[in-house]
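[1] Sharing a model that was predicted from the sequence below.
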Amino acid sequence: MNTAPLAFLKGHGTENDFVIVPDPDNAVDLPAAVVARLCDRRAGIGGDGLLHVVRSAAHPEARESAGEAEWFMDYRNADGSVAEMCGNGVRVFARYLQHAGLVTAGDVAVATRGGVKHVHLAKNGDVTVSMGRAVLPGEGVTVTVAGRSWPARNVNMGNPHAVAFVDDLAHAGDLTAEPPYSPAPVYPDGVNIEFVADRGPRHVAMRVHERGAAETRSCGTGACAVAVAAARRDGVDPAATGAPVTYTVDVLGGTLLITEHPDGAVEMTGPAVIVAEGRLDPAWWDATTSG
């Protein structure tokens, strides 16, 4: 029997919600089946993903980043699969570090599988993340839902996205299952698919099917991919104009502001909230990890 029940927290960023597992020394084994059970909304705590909080020096995938970022976001999708990055997750991760007294308001670096992300915790509660540069591979795909098809722009924000512009977000269907796309080899490791509708000048709304999580209330990297794709569609490239461009991106769980700078750097600003914290029942944890 486990005599030290596992501590956890619950947080969300624009209602993209996460189970948070503090584990500075990387001592907790989190195989995919255990992560999936923790993220189960009926049999576990429930979340779109899991934020495993580990010191970079203690994790083999982040040791090289330890000099730049003390903390590593070992992110997992709700099905337990490993993901490179999660934009809303980074904001919530940084908010947890502040909540736990590990950092203060201001700037903090967070190591991720998609590189080190620089985060600013504002005193008003907003969190801004420097998301890196968008990569725009040449080859896109065609996404099909209920007999309708749309071309989707290929955008990589440390993880892959396919961005399709539609007249009505309802055209995306229920997004329980991944919408079919072709040619499939463009995304050998799967893809996050965004459906985007215009709301006004430099203002769009989106829905998203995330790899390993189905439809979520928000996707931070997806919102960044959408803003970059919308700017290019609108004929705007900050590298060419020399001026930053900002898009308002409405997600089901709120609103994010995405700014692309002339040097290609993309920044995302939005809320991040810690909802609860507690400890798992030892018997439940033992049964879950031994099953």
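    Arrived safely, thanks for sending. Numbering: from 1, shown residues only.

[2] CA atoms for contacts and neighbours, from now on please.
    Fine.

[3] Can you check the pLDDT for residue 122?
    Note for residue 122: predicted pLDDT of 94.

[4] ok, the residue positioned nearest the centre of the chain - contacts?
    The residue lying closest to the centre of the chain (Cα atoms, centre = their mean) is residue 86, at 2.2 Å. Applying Cα atoms under 8 Å, 6 or more residues apart in numbering to residue 86 gives the contacts 75, 219, 220, 221.

[5] ditto for residue 34
    By Cα under 8 Å, 6+ apart, residue 34 lies in contact with 80, 288, 289.

[6] and the second one, that's in a strand?
    No. Read with DSSP: H, G, I helix; E, B strand; the rest coil, residue 288 is helix and lies in no strand.

[7] Now the closest residue to it other than its chain neighbours: which helix or strand?
    In this structure, residue 288 finds its nearest non-sequential neighbour in residue 34, 6.4 Å apart by Cα to Cα, 6 or more residues apart in numbering. Using DSSP states H and E, residue 34 falls within helix 32-39.

[8] after that helix, next one along is what?
    Using DSSP H and E, the helix or strand that follows helix 32-39 in sequence is strand 49-55.

[9] pLDDT wise, what is residue 49 at?
    Listed pLDDT for residue 49 reads 95.

[10] for residue 3, that is, sorry about that
    Looking at residue 3, its pLDDT is 52.

[11] for the chain, what spans make up the helices?
    With helices called from DSSP state H, the chain shows them at 32-39, 87-99, 220-233, 238-241, 282-290.

[12] and those helices as CSV, adding mean pLDDT and distance to residue 60?
    As requested, those are arranged in CSV below (pLDDT from 0 to 100; distance: least, Cα to Cα, whole Å):
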stretch, mean pLDDT, distance to residue 60
helix 32-39, 97, 18
helix 87-99, 96, 19
helix 220-233, 97, 24
helix 238-241, 97, 36
helix 282-290, 92, 22
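
[13] Low-confidence ranges, the protein, go.
    1-4 (pLDDT under 70).

[14] Break it down into its domains, please.
    The domain map for the chain lists 7-126+273-290, 141-269, with the assignment taken from automatic domain parsing.

[15] Put together TSV for those, with distance to residue 135 on each row.
    Below are the domains of the chain laid out as TSV (distance: least, Cα to Cα, whole Å):
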stretch	distance to residue 135
domain 7-126+273-290	12
domain 141-269	5
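
[16] out of those domains, nearest to residue 134?
    Proximity to residue 134, assessed across the domains of the chain by Cα to Cα, is greatest for domain 141-269 (5.1 Å).
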